[in-house]
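Asks: Sequence first, predicted coordinates after that:
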Protein chains: 2
Amino acid sequence: MPKARASIDADGPAIRAVDLWAPSSEKTPQLLSAEERARLAVIASIVRFNKGEKIYGEGQRAHAVFNIVTGVVKAYKTAPDSSEHITAFLFPDDLVGLSEEGRYTNSLTAITPVTAYLLPVSALRSRLSNDAGLEFHVICKLCHELRQTQRHAFILSRRQALSKVAMFLQLLEQLQAVRGERITEIYLPMSRSDIGEYVGMSLEAVSRAFRGLTTRGIIKSRDRRHLKITDRSTFDKIADNTNASSAAGSVTQ
Amino acid sequence: MPKARASIDADGPAIRAVDLWAPSSEKTPQLLSAEERARLAVIASIVRFNKGEKIYGEGQRAHAVFNIVTGVVKAYKTAPDSSEHITAFLFPDDLVGLSEEGRYTNSLTAITPVTAYLLPVSALRSRLSNDAGLEFHVICKLCHELRQTQRHAFILSRRQALSKVAMFLQLLEQLQAVRGERITEIYLPMSRSDIGEYVGMSLEAVSRAFRGLTTRGIIKSRDRRHLKITDRSTFDKIADNTNASSAAGSVTQ
DNA sequence: GCAAAAGTTTGATCAGGATCAAACCTCGAG
DNA sequence: CTCGAGGTTTGATCCTGATCAAACTTTTGC
């Protein structure tokens, strides 16, 4: 977050209008172009984390930003009642290290082995101030992040367990799709309880939802971390709550 | 959203690192400084909407951005099953008009009489390209919006009705606080069902939650749209789920 | 000011998911 | 290979909030 003026935090107006930069129709799939990447490489160092290793904790002094190279990371907040709320799952090429007032706003843990570039905040900041292109990319990424978060909120607002899980799978599928090509198999690097904490339900309910989708022939899982969607149309109907109950509702559990 | 490159939408990495611009410690409570505001006034025109009037619909061609002057607006998405999911409530000084691929991403309806500045997208875009200060403010506002959305997601992830409503009231209180001064009375311009669609529960449940908070002496409502918090400590405990049940749990309903 | 419409409260019932509990896999460490 | 810990499935029960329904209140338009 750009700095921490209390006034912005407290009463800064929201912005909801950002389709203004739309320049040409060039593609910018990466946060950084090869060239920009190279320029940043100077200040970056590679770091590595084991599965389950905590990268940083909420409230800790934010000294660095990470650019994930391989692996998957979860960002989460720990509520006072010690329950976790997962804010996002981060994948390769994602930038992580959101901070406010110089402190991280959430905790970060690797859920698979992770390698990442570590970019010291100070060095990165000076790069940004004289690199308009980079700044533009940042705006793009902020917008992307905003979309993702709105989508997350949308998932959380659903009341049906099947609906939540289906939407979550849609999300993963899109994240894993390469260049718009639909993938055949969805990979679930995170645990059932991670999923539950992301979509807002208990881990048992997540498990049951998977079984529910399986017994209806909508998904088929190879193992606990790999599944494919076998009945697209009803899957989509469940995901966006278009009454699929006529067909699937008959199956009791 | 800045433009609509399919590739960004599909696989653009998320950014989570934006505390990089933190300059001095000046305050920027408004999106626009008086001067910037004046520069924009040239291209703006004033528009007025009645209570309940729809400002625009999701998917409509996005020709303009609105800067709310007075009144309150709700932004929402209509799910295929025709249920509404409220994305945000917008207040004076908020900018609205988020679009993607030149089309609005959600619908907008005035929930009180509203006056606003209408800024044509085309004119605004050209302003922005040669106004770095404005661009910086946009980044700030995007961050603010992101924070708000994350907070919304956090509310939606709570399972207790009282907790959701209490968090929602906290949110309103902060939005209405002027310069960090805590207000005495919270104003609820939106209907119970609007609240329900925002926090993810039925309107009846919202009503019961208000009653629940009232019978426990935690809030006191002057009328349906004005209330004050009478027991701060238990209110806060309920809002962040710190077990307040010892004290309040005894009250059955 | 009245009637209709919209919004709110309250009640009763019901269902879906939370929770508690136990058995079962899976993977990694020794 | 075996053991153990962490993760997952499954089961049984309970409870909260959804849903249906009806009375009541407030607002709005004539």
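Replies: Noted; the coordinates are in hand.
Asks: Where do the strands of the stretch 1-150 of chain A begin and end?
Replies: For the stretch 1-150 of chain A, applying DSSP state E, counting those that start in this stretch gives strands covering A:45-49, A:54-56, A:64-70, A:73-78, A:84-90, A:95-96, A:99-100, A:103-104, A:107-110, A:114-120.
Asks: what does the stretch 151-253 of chain A give?
Replies: Under the criterion DSSP E, counting those that start in this stretch, the stretch 151-253 of chain A contains strands at A:186-187, A:219-223, A:226-229.
Asks: Pairing partners for the last one, with directions?
Replies: Each strand pairing with strand A:226-229, determined using DSSP bridges, is listed with its direction: strand A:186-187 (antiparallel), strand A:219-223 (antiparallel).
Asks: Can you list the buried residues in that strand?
Replies: A:227, A:229 (16 or more other Cβ atoms under 10 Å in any protein chain shown). Quick note: C-beta positions are derived from backbone N, CA and C, even for glycine.
Asks: Tell me if it is near DNA strand D.
Replies: No. Applying Cβ under 7 Å from any atom of the strand, one finds strand A:226-229 out of contact with DNA strand D, separated by at least 9.9 Å.
Asks: still on that earlier bit, make TSV out of the strands of the stretch 151-253 of chain A and add mean pLDDT.
Replies: Converted to TSV, the strands of the stretch 151-253 of chain A look like this (pLDDT from 0 to 100):
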stretch	mean pLDDT
strand A:186-187	95
strand A:219-223	93
strand A:226-229	95
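Asks: These into a markdown table, with extra columns for distance to DNA strand C?
Replies: Below are these laid out as a markdown table (distance: least, Cβ to the nearest atom of the strand, whole Å):
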| stretch | distance to DNA strand C |
| --- | --- |
| strand A:186-187 | 13 |
| strand A:219-223 | 6 |
| strand A:226-229 | 10 |
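Asks: Can you redo those strands as a markdown table, where the extra columns are distance to residue A:61?
Replies: Below are the strands of the stretch 151-253 of chain A laid out as a markdown table (distance: least, Cβ to Cβ, whole Å):
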| stretch | distance to residue A:61 |
| --- | --- |
| strand A:186-187 | 34 |
| strand A:219-223 | 40 |
| strand A:226-229 | 39 |
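Asks: circling back: so of the strands paired with strand A:226-229, which one's packed in deepest?
Replies: strand A:186-187 (a mean of 18; mean count of other Cβ atoms under 10 Å in any protein chain shown).
Asks: So which bits of chain A are right by DNA strand C?
Replies: Counting by Cβ under 7 Å from any atom of the strand, chain A sits next to DNA strand C at A:159, A:160, A:161, A:162, A:200, A:201, A:202, A:204, A:205, A:223, A:224.
Asks: let's go with 10 Å and repeat that
Replies: A:50-51, A:81, A:83, A:113, A:158-165, A:196, A:199-209, A:212, A:223-225, A:245, A:249, A:252-253 (Cβ under 10 Å from any atom of the strand).
Asks: What's the PyMOL line that selects buried ones from those residues?
Replies: The PyMOL selection below is limited to those of those classed as buried (16+ other Cβ under 10 Å):
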select buried, chain A and resi 158+161+162+163+164+165+196+199+200+201+205+206+207+208+209+212
